[in-house]
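J.: Below is the structure, and that's it, no one-letter string:
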């Protein structure tokens, strides 16, 4: 009796084990089938180091037609690009990835002008763009260039001591220019003293820290441009009077900005925030860690930016403009109106206590349909110069401002 019961129990357990094994095998088979069919991945890292950015997701998920990424490399090295390119294919069923070995298909490689192995070409419709590198920045940049129909040009004003985009020194803007090129912006310089008119092909105008005052015809040209629906980024430093660092008050230009609702103060912000000291910054650099909800800075929460030699501003709406604050200095900051001496007393009762507004963005109602002027005003210019644009989120802020001004919010 006991023997029969034992055999029955063994048979029962054997049946359970068999069923269990079959279930596990079935689950593995189904999982492999789903993985093969959908090829999805999940990034569990805290900083999403193996995920594509939100900007890339916006571009790829917004595709209206199929896109093909063709990767040219030796067959044995296809895997070098596969991990990255699969992430693009996983974002949208409209993205297709093809792999070509130039040694086996030299005709296609020559046709596409491939000069180096490990090169990707993105085609959307009839347009093709070679990626400037096998990075997310390079691949997404090719997508953006394919999708942009019109040329976008950023015009830098020169002639009054501004930072220049062709200058690779510490105070130049060559790194800013390179960032713009990766987002498919062309650039040029214009001199409003020679011709007081902003060219019609300028998508965005940049005034980057003039040290000398603009003449009234130059200011009138900027006024007409924005109030006719143009876009402008104006970065104006405090009018310091320290020997060789003599910066003009530029009253004609600041009066124009005041008519738009932005009053630039003649002061210098000093930041006593201990976080700045930990980051190796002196009190002359305003450290910003919190932002408003305006599109330029809405995605920058948790990112620090720094602004050397910054001034404060007061903002308000006018009958023609709507102005929004972008960010303030810290509560540990103060502003001094003593601009003639390098020695500043933090206990001077005339000092203004922070937080103090450093940047604002505004729109101008032109009264014409689908024609809105836009402007961004920042009380510092060196934050975008070569010596400082790589500090934390400064490069993101620079590109975000240009993208918003150019109505390319999808790239922010």
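T.: It's in. No experiment lies behind these values; they were computed from the predicted model shown. Numbers count the residues shown, from 1 in each chain.
J.: now the helix or strand where residue 69 lies, how far from the centre of its chain.
T.: In this structure, residue 69 sits in strand 67-72 according to DSSP states H and E. Chain-centre distance of strand 67-72: 25 Å, with Cα atoms, centre = their mean, to the nearest Å.
J.: before we move on, what about stretch 402-412?
T.: With Cα atoms, centre = their mean as the basis, stretch 402-412 stands 9 Å off its chain's centre.
J.: who touches the closest residue to residue 251 other than its chain neighbours in this structure?
T.: The spatial neighbour of residue 251 that comes closest, neighbours along the chain excluded (Cβ to Cβ, 6 or more residues apart in numbering), is residue 213 at 7.0 Å. The C-beta positions use only the backbone N, C-alpha and C, and glycine is treated the same way. Contact partners of residue 213, counting by Cβ atoms under 8 Å, 6 or more residues apart in numbering, are 160, 248, 249, 250, 251, 252, 253.
J.: For the stretch 1-150 of the chain, give me the ranges with low pLDDT.
T.: Under the criterion of pLDDT under 70, the regions of the stretch 1-150 of the chain flagged as low confidence span 1-50, 149.
J.: rewinding a little: tell me which other helices or strands the strand holding residue 69 touches.
T.: Contacting strand 67-72 under the criterion 3 or more Cβ pairs under 8 Å, 6 or more residues apart in numbering; DSSP states H and E are the following elements: helix 79-91, strand 95-100, strand 119-124, helix 136-147.
J.: how far is the longest one from where the chain is centred?
T.: Going back to what we said before, that points to helix 79-91. Relative to the centre of its chain, helix 79-91 is centred 23 Å away, using Cα atoms, centre = their mean.
J.: With the second one instead?
T.: Counting by Cα atoms, centre = their mean, strand 95-100 is centred 28 Å from the centre of its parent chain.
J.: so what's residue 368 up against?
T.: Under the criterion of Cβ under 8 Å, 6+ apart, the neighbours of residue 368 are residue 229.
J.: Surely residue 392 touches residue 305?
T.: Yes. Counting by Cβ atoms under 8 Å, residue 392 does reach residue 305; the two are 6.1 Å apart.
J.: Other residues contacting stretch 171-185?
T.: 132, 137, 141, 144-145, 148, 152-154, 156, 163-168, 187, 203, 208, 382, 384-387, 389-390, 395, 398-399, 402-403, 406, 408, 411.
J.: quick one: buried residues of stretch 282-293?
T.: Residues of stretch 282-293 classed as buried by neighbour count (16 or more other Cβ atoms under 10 Å): 283, 284, 285, 286, 287, 288, 289, 291, 292.
J.: Could you single out the nearest of these to residue 105?
T.: residue 291 (49.5 Å; Cβ to Cβ).
J.: Surely that closest one forms part of a strand?
T.: No. Residue assignment for residue 291, taken from DSSP: H, G, I helix; E, B strand; the rest coil, gives coil, which places it outside any strand.
J.: quick one: low-confidence parts of the stretch 301-412 of the chain?
T.: By pLDDT under 70, the low-scoring segments of the stretch 301-412 of the chain are 410-412.
J.: leaving aside the residues next to it on the chain, what's closest to residue 221?
T.: Take residue 221 and drop its neighbours on the chain: the residue closest to it by Cβ to Cβ, 6+ apart is residue 196, 4.5 Å away.
J.: Residue 127 and residue 92: what is the separation?
T.: In this view, residue 127 and residue 92 are 17 Å apart by Cβ to Cβ, to the nearest Å.
J.: who touches residue 132 in this structure?
T.: For residue 132, the set of contacting residues under the criterion of Cβ under 8 Å, 6+ apart consists of 138, 141, 142, 182.
J.: mind listing what residue 363 touches?
T.: Per Cβ under 8 Å, 6+ apart, neighbours of residue 363: 321, 322, 372, 373, 374, 375.
J.: beta partners of the closest residue to residue 78 other than its chain neighbours?
T.: Counting by Cβ to Cβ, 6+ apart, residue 99 is the residue found nearest to residue 78 once chain neighbours are left out, at 4.8 Å. With DSSP bridges applied, residue 99 shows beta-bridge pairing to residue 71.
J.: Confirm for me that residue 99 is in contact with residue 71.
T.: Yes. Residue 99 lies in contact with residue 71 (Cβ under 8 Å); the separation is 5.2 Å.
J.: For these two, indicate the residue with more neighbours.
T.: For the pair residue 99 and residue 71, the greater number of neighbours falls to residue 71 (24 against 16), based on other Cβ atoms under 10 Å.
J.: Pull up the pairing partners for the helix or strand residue 233 falls within, direction included.
T.: Element membership for residue 233 (DSSP H and E) is strand 231-235. Within its sheet, strand 231-235 is paired with strand 204-208 (parallel), strand 371-378 (parallel), according to DSSP bridges.
J.: before we move on, back to that, nearest to residue 356, of the buried residues of stretch 282-293?
T.: Checking the buried residues of stretch 282-293 against residue 356 by Cβ to Cβ gives residue 286 as the nearest, at 8.2 Å.
J.: so how far is the helix or strand that closest one falls within off the chain centroid?
T.: In this assignment (DSSP H and E), residue 286 forms part of strand 285-288. Distance of strand 285-288 from its chain centroid, counting by Cα atoms, centre = their mean, is 19 Å.
J.: roughly how far apart are the residue nearest to residue 221 and residue 315?
T.: The gap separating residue 196 from residue 315 is 27 Å, by Cβ to Cβ.
J.: got it, and residue 246?
T.: Taking Cβ to Cβ as the measure, residue 246 and residue 315 are separated by 27 Å.
J.: would you list the helices and strands packed on strand 67-72 in TSV and tack on distance to residue 336?
T.: Formatted as TSV, the helices and strands packed on strand 67-72 follow (distance: least, Cβ to Cβ, whole Å):
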stretch	distance to residue 336
helix 79-91	50
strand 95-100	54
strand 119-124	52
helix 136-147	40
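J.: Would you tell me which of those gets closest to residue 344?
T.: Residue 344 lies closest to helix 136-147 among these, at 41.1 Å (Cβ to Cβ).
J.: For the helix or strand following the closest one, which helices and strands make contact with it?
T.: Next along the chain after helix 136-147, taking DSSP H and E as the criterion, comes strand 152-157. Using 3+ Cβ pairs under 8 Å, 6+ apart as the contact criterion, the elements in contact with strand 152-157 are strand 185-190, strand 204-208.
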